[in-house]
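Q: fold the following and give me the result.
(2 chains)
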Amino acid sequence: MQNTITKDRRILIEKKGFSIKNLIVIIAAGWLLSMLIIGFFAPFIAPFDYQEISLTGRLLPPVGMEGADSAHFLGTDDLGRDILSRLVYSIRLSLLVAILGTLICAVVGTTIGFIAAHFRGAVDDFIMMLVDFQASLPFMILALAVIAFFENSIILFIGIMGIYGWERYARFARGLALSAEEQGYAVAVRTFGASPVRIYLHHILPNVGNTLLVNMTLNFPQVIMLETSLSFLGLGIQPPNTSLGNMVGFGRDYILTAWWLTIIPAAAIFLTTLSMSILGDWVRDKLDPALK
Amino acid sequence: MNSSYLIRKVLRAMLTVLMVTTFVFLILRLSGDPTVSVLGLEASPEAVEAFRAKWGLDQPVRVQYFDFIKNALHGDLGVSILEGKPALETVAARLPDTLILMIITTVLTFVVGISSGLLASLYHNSNKDRIIMLFAVAGYSMPTFVVGVLLVMFFSVTLGWLPSSGSGTWAHFILPVLTMTIVEAAIFARFTRSAMLEVLYQPYMKTALAKGLSWWQAVRRHALPNAAIPVVTIMGFWVGLIIAGAVITESIFGWPGVGRLLVYSVKHRDYNVVQVIVIFISCSMVITNLTVDILYGLLDPRVSVVKGDQ
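A: Prediction:
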């Protein structure tokens, strides 16, 4: 009885919010897709070399404002570098870092969770202790310490992004694997002589995949935010490479005279993380409503 | 709640602090030594030698570690290399500024976030709900630094109403507090709403209504206490972040607190100061997590029995 009531209610709700909600999801997906395309084809889209300095054309405003140069659609920065080109390359690098970070994290975290579930005992205790440790220190603080005290390279930086949030995956994967073990299918394939790796990859992973995918869509905007925040502080992506966070950070010094240096990359960050959150919520509702 | 549950939790909390301390010690020592960044590349070999001997950098890492633990237990956490004062003092001097900022922010965040989340859940699927959620999604999708920079642009540059950086007068509080509240209240609103929605559709709510309670009585007696459990957890987590939460905001607004000191010390490799800050942060988080666990046991008697050791 209860179930049917809630179910009916949910159906009603879905119908009511159908058109606008779906439209927003489509717009969000469209924005992300165009960001991906821009990032992927950056060398073909950027009108200028993003590092090219032009001291005669500094701080030009975007097209449409007084004193704009039509060659520089979004204007130029304090060194006369084309903002559109820098934006395109920043999107490329910020997305690359976020995508790699999210993927590495999913693989590492899930594997650790499975290992804990498989070996149990001391191994499980040790891994759960690491999870506790991670939860007792904000990741930003940990990243700050690691980045500044080791030589900051882009590989190290991606590696750090790749462990951001591992404990969530580990916890999920462990819990799901433990409950999968209790259900018959894992035991059944084991009695057929399947190796543990085969059981986890072919039987348990597909059954827990939805939850992990949902976690990935939630993790992705967080990685972008962390990367851009650290780059903003000057402790993330280093020049001559450029990230969306760097652009905001450098633009801040010209906030009085050249707002476009800050607003344009800030808007790109905001729209991207917003789209990803919207899409992530949608994926979660579709795949794993229990996570709500 | 039984006492072995409590003892286990406390021991675990202490172990965690020790692990954090060890981790920070190792990572800061193994990554290189601060001699060059403090003395510069042109320093004479004698000066370098004297510097290293003075700070114990010529000892093996193992010896440095045990000295460090021994001293830490005596309340000596080393000296700030940049300021020449005990690192604890350097950090403690910045603590009040951070705490004032964060206490105001926390209170505002809880009030705004939880009340709008409650409102949204009680008017589920109304326009009120949609508008609140629209703001919430926008709020938590923006990194703090974007919010901060936009606020500076609007209130300091365009309108000229508020100072863009520094501290001292009440006006200096407004933008940093607003920056953090916008982001954090959004998280709380969203979280409170889903915690409430979870509870509002439970069978016991139907039962409560069926036995004749009014809607508000049912909400107050049955929904709120149950929804409080996850909300208290995330509140505890946020209180734990009270020292660490303002790193970016303090850097944007030039606020003279612990967060900005951390970024500065990291850039200049003042590792004793970094260490003290990290230990402070992990202690504050561990203590609040412990408190939340205990509160949890009081709010939900099932926890200490069933989930006692998870």
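Q: residues of the stretch 151-300 of chain B that sit close to chain A?
A: B:152-153, B:157, B:194, B:197-198, B:201, B:203, B:206, B:241, B:244-245, B:247-248, B:251-252, B:262-263, B:266-267, B:269, B:271, B:274, B:277-278, B:281-282, B:285-286, B:289 (C-beta under 8 Å from any C-beta of the partner chain). Quick note: C-beta positions are derived from backbone N, CA and C, even for glycine.
Q: and the residues you listed, which of them are buried?
A: Buried subset of those (neighbour count, 16 or more other C-beta atoms under 10 Å in any protein chain shown): B:152-153, B:194, B:197, B:201, B:241, B:244-245, B:247-248, B:251-252, B:262-263, B:266, B:269, B:271, B:274, B:277-278, B:281-282, B:285-286, B:289.
Q: C-terminal to the worst-scoring helix or strand of chain A on mean pLDDT, what's the next element?
A: Across the helices and strands of chain A, mean pLDDT, DSSP states H and E gives its lowest value to helix A:2-16, namely a mean of 46. Downstream of helix A:2-16, the next assigned helix or strand under DSSP states H and E is helix A:18-40.
Q: check whether that next one contacts chain B.
A: No: Helix A:18-40 does not reach chain B (C-beta under 8 Å from any C-beta); its nearest approach is 9.0 Å.
Q: so what does that helix touch, helix or strand wise?
A: Counting contacts by 3 or more C-beta pairs under 8 Å, 6 or more residues apart in numbering or on different chains; DSSP states H and E, the secondary-structure elements packed against helix A:18-40 are helix A:83-119, helix A:260-287.
Q: pull out the buried positions in the last one.
A: Residues of helix A:260-287 classed as buried by neighbour count (16+ other C-beta under 10 Å): A:260-266, A:268-284.
Q: which regions of chain B sit below the pLDDT cut-off?
A: For chain B, applying pLDDT under 70 flags the ranges B:1-2, B:28-41, B:55, B:299-310.
Q: tell me, what residue is most central in it?
A: Per C-alpha atoms, centre = their mean, the C-alpha nearest to the average position across chain B is that of B:Leu241, at 0.9 Å.
Q: once you drop chain neighbours, what's closest to it?
A: Once flanking residues are discounted, B:Leu241 sits nearest to A:Pro138: 6.2 Å by C-beta to C-beta, 6 or more residues apart in numbering or on different chains.
Q: for the one you found, give me its contacts.
A: Under the criterion of C-beta atoms under 8 Å, 6 or more residues apart in numbering or on different chains, the contact list for A:Pro138 reads B:241, B:244-245, B:281, B:285.
Q: okay, it: pLDDT?
A: We have a pLDDT of 83 for A:Pro138.
Q: helices along the stretch 51-200 of chain B, start to end?
A: In the stretch 51-200 of chain B, the segments counted as helices under DSSP state H, counting those that start in this stretch are B:61-73, B:87-122, B:127-141, B:144-151, B:171-200.
Q: next, the angle helix B:171-200 makes with the longest one.
A: For helix B:87-122 and helix B:171-200, the angle between their directions (axes from the mean of the first three to the mean of the last three C-alpha atoms, to 10 degrees) works out to 50 degrees.
Q: kindly report the same for the fourth one.
A: Comparing the axes of helix B:144-151 and helix B:171-200 via the same axes, to 10 degrees yields an angle of 130 degrees.
Q: can you list the weak-confidence ranges in chain A?
A: Within chain A, the set of residues satisfying pLDDT under 70 comprises A:1-19, A:148-149, A:151, A:288-292.
Q: from the chain's centre, how far out is the helix or strand in which A:Met129 is found? Work that out for me.
A: The secondary structure element spanning A:Met129 is helix A:121-135 (assigned by DSSP H and E). Relative to the centre of its chain, helix A:121-135 is centred 25 Å away, using C-alpha atoms, centre = their mean, to the nearest Å.
Q: CA atoms of the very next helix or strand once past that helix as CSV?
A: Note on helix A:121-135: by DSSP H and E, the next helix or strand toward the C-terminus is helix A:139-149. What follows is helix A:139-149, C-alpha atoms only, in CSV (Å, rounded to 0.1, in the frame of the first residue of the first chain):
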residue,chain,number,x,y,z
PHE,A,139,42.1,17.0,1.3
MET,A,140,42.9,20.6,0.4
ILE,A,141,45.3,20.8,3.3
LEU,A,142,46.9,17.5,2.4
ALA,A,143,47.3,18.6,-1.2
LEU,A,144,48.8,21.9,-0.2
ALA,A,145,51.4,20.2,1.9
VAL,A,146,52.3,17.6,-0.8
ILE,A,147,52.3,20.1,-3.7
ALA,A,148,54.4,22.8,-2.1
PHE,A,149,57.0,20.5,-0.5
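Q: who's in contact with helix A:139-149?
A: Under the contact criterion C-beta under 8 Å, 6+ apart, helix A:139-149 has outside partners A:156-157, A:160, A:164-165, A:226, A:229-230, A:235-236, B:24, B:27-28, B:31-32, B:244, B:247, B:262-263, B:266-267, B:269, B:271, B:274, B:277-278, B:281.
Q: tell me how far the residue of the stretch 201-310 of chain B found nearest chain A lies from A:Leu235.
A: When distances are taken as C-beta to the nearest C-beta, the stretch 201-310 of chain B reaches nearest to chain A at B:Val266, 3.9 Å away. Distance of B:Val266 to A:Leu235, given as C-beta to C-beta, to the nearest Å: 7 Å.
Q: same check on B:Val146?
A: B:Val146 sits 17 Å away from A:Leu235 when distances are taken as C-beta to C-beta.
Q: so which of these two has more stuff around it?
A: Set side by side, B:Val146 and A:Leu235 give different neighbour counts by other C-beta atoms under 10 Å in any protein chain shown, the larger being at B:Val146 (27 against 20).
Q: so that one versus chain A, what's the distance?
A: From B:Val146 over to chain A the distance is 5 Å, taken as C-beta to the nearest C-beta, to the nearest Å.
Q: isn't that residue right up against A:Ile269?
A: Yes: taking C-beta atoms under 8 Å as the definition, B:Val146 is a contact partner of A:Ile269 at 5.8 Å.
Q: common neighbours of the two, please.
A: Residues touching both B:Val146 and A:Ile269 (C-beta under 8 Å, 6+ apart) are A:228, A:248.
Q: related to what we said a few turns ago, in helices, which of the residues of the stretch 151-300 of chain B next to chain A fall?
A: Secondary structure assignment by DSSP state H places B:194, B:197-198, B:203, B:206, B:247-248, B:251-252, B:262-263, B:266-267, B:271, B:274, B:277-278, B:281-282, B:285-286, B:289 of these in helices.
Q: out of the helices and strands packed on helix A:18-40, which comes closest to chain B?
A: When the helices and strands packed on helix A:18-40 are compared by C-beta to the nearest C-beta, helix A:260-287 sits nearest chain B, at 4.0 Å.
Q: and that closest one, how far out from the chain's middle?
A: 10 Å.
Q: and the angle from it to helix B:171-200?
A: Orientation of helix A:260-287 against helix B:171-200 (the same axes, to 10 degrees) gives an angle of 10 degrees.
Q: helices or strands up against helix A:260-287?
A: Counting contacts by 3+ C-beta pairs under 8 Å, 6+ apart, the secondary-structure elements packed against helix A:260-287 are helix A:18-40, helix A:83-119, helix A:205-232, helix A:244-251, helix B:127-141, helix B:144-151.
Q: return the most buried member of these.
A: By mean neighbour count, with neighbours taken as mean count of other C-beta atoms under 10 Å in any protein chain shown, helix A:244-251 ranks first of the helices and strands packed on helix A:260-287 at a mean of 26.
Q: packing partners for it?
A: With contacts defined as 3+ C-beta pairs under 8 Å, 6+ apart, helix A:244-251 has these neighbours: helix A:83-119, helix A:205-232, helix A:260-287, helix B:144-151.
Q: the same query, at a cut-off of 6 Å, please.
A: Counting contacts by 3 or more C-beta pairs under 6 Å, 6 or more residues apart in numbering or on different chains; DSSP states H and E, helix A:244-251 is packed against helix A:83-119, helix A:205-232, helix A:260-287.
Q: just the CA trace of it, in CSV.
A: Once non-C-alpha atoms are left out, helix A:244-251 reads as follows in CSV (Å, rounded to 0.1, in the frame of the first residue of the first chain):
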residue,chain,number,x,y,z
LEU,A,244,40.8,28.2,-15.6
GLY,A,245,41.9,28.8,-12.0
ASN,A,246,45.1,30.4,-13.0
MET,A,247,43.3,32.8,-15.3
VAL,A,248,41.0,34.0,-12.5
GLY,A,249,44.0,34.3,-10.1
PHE,A,250,46.0,36.4,-12.5
GLY,A,251,42.9,38.4,-13.5
